[in-house]
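*Asks:* Based on what follows, work out the 3D shape:
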Amino acid sequence: MNLRSENLRVASKLLVVAVIMLAFGYALGPLYNAICKMTGINVLAFGERTFPGTRPDTATNSQIDKTRFITVEFDANSRGPWDFKPAQRALQVHPGELTTVMYEFQNIQNRRMTAQAIPSYAPMQAAAHFNKLECFCFNQYTLAPGEKKSWPVVFVIDPKLSRDVKTITLSYTFFEVGGPVPPAPQSTAAVTQNAASRIGS
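*Replies:* Here you go, the predicted structure:
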């Protein structure tokens, strides 16, 4: 008898907890809306935010610095018998503006190959402010003989980049996986700067 009474008491408690949880679930929506109205913050909307420039039809994003342009130059180096080049050599972007450029690659060999790219930046101080959201350099790729590919680089330049920097060179070296890993590429700007320093010394 005592055991049965104990079971009934536990079952009653569980039923009460279940009813409370159900009621709380129904009340959560109105409660959330009330909090949003009070604070003026829509927490769920945070996940819908995108990087500057991803929605050109929306209001102007204050994070885009439209007071200046930065010229971004694109360079490509091949360590092997294949074609690798940017679709465009340079463009001007605002700091904070989301930008996409394409790189083109073709395996001109008569065999399959797996390759990967190594990026570098000039000037060096730009590297910390050049944020790539998507890049073919993140992965290795296997291409059949004669196969062509076009890969995007999606990037944002941090508006905190020094105003002294007017031009950034993004350079890639594409090399075959399994062979010796080449050093990071030097851009034309970096080579010129190094040559000048040697002459000066």
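
*Asks:* those strands in the chain, which residues are they?
*Replies:* 70-79, 82-86, 90-93, 99-107, 113-122, 130-135, 141-143, 148-157, 167-176 (DSSP state E).

*Asks:* which one of those strands is the most hemmed in?
*Replies:* Ranked by average neighbour count under the criterion mean count of other Cβ atoms under 10 Å, the strands of the chain are headed by strand 167-176 at a mean of 22. The way it works is simple: take the backbone N, C-alpha and C, and place the C-beta from them, glycine included.

*Asks:* What helices and strands are in contact with that one?
*Replies:* Packing partners of strand 167-176 (3 or more Cβ pairs under 8 Å, 6 or more residues apart in numbering; DSSP states H and E): strand 70-79, strand 82-86, strand 113-122, strand 148-157, helix 188-200.

*Asks:* Of all those, which one is nearest residue 165?
*Replies:* For those, proximity to residue 165 was assessed by Cβ to Cβ; strand 70-79 is nearest, at 6.8 Å.

*Asks:* now what about the closest one, what contacts it?
*Replies:* Contact partners of strand 70-79, identified using Cβ atoms under 8 Å, 6 or more residues apart in numbering, comprise 84-86, 88-95, 99, 101, 103, 157, 161, 165-176, 179, 182, 185, 187-189.

*Asks:* Could you list the low-pLDDT ranges of the protein?
*Replies:* 1-4, 7, 16-62, 179-201 (pLDDT under 70).

*Asks:* picking that back up, now render the strands of the chain as TSV, adding distance to residue 9.
*Replies:* Listed next are the strands of the chain as TSV, based on distance: least, Cβ to Cβ, whole Å:
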stretch	distance to residue 9
strand 70-79	72
strand 82-86	75
strand 90-93	70
strand 99-107	65
strand 113-122	66
strand 130-135	58
strand 141-143	66
strand 148-157	61
strand 167-176	71
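
*Asks:* right, and those - which one's nearest residue 63?
*Replies:* strand 148-157 (9.0 Å).

*Asks:* Which strands and helices lie in contact with the closest one?
*Replies:* By 3+ Cβ pairs under 8 Å, 6+ apart, strand 148-157 packs against strand 99-107, strand 130-135, strand 141-143, strand 167-176.

*Asks:* I'm done for today, thanks for sticking with me.
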